[in-house]
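> what follows is a predicted protein model with its sequence.
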Amino acid sequence: MKVYINGKYYEKDDAKVSVFDHGFLYGDGIFEGIRLYNKNVFRLPKHIDRLFRSARAIMLDMPWSKQEIIDAVCDACRVNNLTDAYIRLVVSRGKGKLGLSPFTCEDPQLVIIADQIQLYPQELYDNGLKAITVPTRRNSHAALPPMVKSLNYLNNILAKIEAQKQGFQECLLLNSEGYVAECSGDNIFIVFDGKLITPPVSCGSLGGITRMTTIELAKKLGIEVEEKPLARFDVWTADECFLTGTAAKIIPLVELDSRKIGDGRPGAVTKRLIDAFNEYAPTDGIRI
Ligand code: PMP
């Protein structure tokens with residue numbers, strides 16, 4: 001595997017950034033997770049737009065144009081001879097002095113790792129995930145805005161630890177008001193009375209690219225979609241539930257907090273959307 005760092009390629013073991021990089025010292029940076037499906041980089045311009053919005057929010061001046069990054073992502077896939085992959089794009093603040101100030105950092109680092117990913121086994125797509133609500137809350141808008149896809153994932157990591165220590169692979173994070181935000185690295189949807197419902201990003205969820213795609217596909221299939229705040233009650237008593245994310249794609253959630261969702265099996269609307277997504281995803285992307 002060859003890793004892209006600032007325009008050059010390095011073998012996996014030689015792909016390094018400085019220990020003085022503020023991405024390493026303080027988690028000061030941003031990232032994207034992107035998918036290559038059948039040699040098409042899925043919705044790459046949308047990912048790069050989101051990356052640039054994250055950069056603006058943390059006042060990180062990007063020395064590259066959007067097109068240069070798009071070209072670099074496609075090139076990294078070609079160089080690694082990939083057909084299907086998960087691409088991790090990281091922009092760190094760069095090497096600087098000890099101390100929080102980002103203004104001592106000169107060179108932001110652009111790293112592109114294109115590799116395989118299998119987040120969940122097929123069995124969980126067939127039978128669904130089980131999750132619990134964890135004590136750790138989603139970042140508040142008043143602290144680190146949840147729309148920034150930053151290198152600070154510690155609260156998501158704490159949430160994941162809390163779930164895994166209880167024997168669950170996934171968890172639900174509430175926002176500081178107690179409404180449903182999202183899962184540890186995925187957005188959440190429920191189906192109730194035939195309608196698809198997901199919390200608005202104002203509730204603390206990330207504006208997921210898979211979330212947006214799912215909403216578009218549902219509308220095309222004639223399924224009504226609504227964005228509104230959800231409480232745990234709404235998830236417990238939903239007919240169906242599923243999670244969306246670049247790595248997970250669409251995966252059913254069949255139990256939350258020991259309550260079966262619907263009949264405890266992946267539902268019909270969920271299955272329709274999984275099929276629609278799998279059919280659609282390889283057709284929408286930039287050809288490498
Ligand atoms: N929420 C969080 C916190 C995430 O990290 C991710 C995935 N990176 C998502 C939601 C899903 O977003 P996307 O569909 O763009 O991968």
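Perfect, thanks for sending it.
> which of the residues in stretch 228-247 are buried?
By neighbour count on 16 or more other C-beta atoms under 10 Å, the buried set for stretch 228-247 is 230, 232, 234-236, 238-247. C-beta here means a position set from N, CA and C on the backbone, and glycine is covered the same way.
> briefly note if it comes near the ligand.
Yes: against the ligand, stretch 228-247 shows contacts by C-beta under 6 Å from any ligand atom at T244, G245, T246.
> could you export those as JSON lines, including pLDDT?
Compiled in JSON lines, the residues of stretch 228-247 next to the ligand are given as follows (pLDDT from 0 to 100):
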{"residue": "T244", "pLDDT": "98"}
{"residue": "G245", "pLDDT": "98"}
{"residue": "T246", "pLDDT": "97"}
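> any idea how far the residue lying farthest from the centre of the chain is from the ligand?
Distance from the C-alpha centroid of the chain peaks at K97, with 30.7 Å (C-alpha atoms, centre = their mean). Distance, K97 to the ligand, using C-beta to the nearest ligand atom, to the nearest Å: 30 Å.
> tell me the phi and psi of that residue?
Main-chain torsions, K97, degrees, to the nearest 10: phi -80, psi 160.
> ditto for I190
Taking degrees, to the nearest 10, you get phi -120, psi 160 for the backbone angles of I190.
> OK, contacts around the residue lying closest to it once chain neighbours are set aside?
Counting by C-beta to C-beta, 6 or more residues apart in numbering, I190 lies nearest to A238, which is 3.7 Å off, once chain neighbours are set aside. Contact analysis of A238 by C-beta atoms under 8 Å, 6 or more residues apart in numbering lists I190, V191, F192, I261, G262.
> flag every residue of the stretch 101-250 of the chain that's near the ligand.
Residues of the stretch 101-250 of the chain lying near the ligand by C-beta under 6 Å from any ligand atom: 156, 182, 185-187, 206, 208-211, 244-246.
> ok, 8 Å please
146, 149, 153, 156, 182-187, 205-213, 244-247 (C-beta under 8 Å from any ligand atom).
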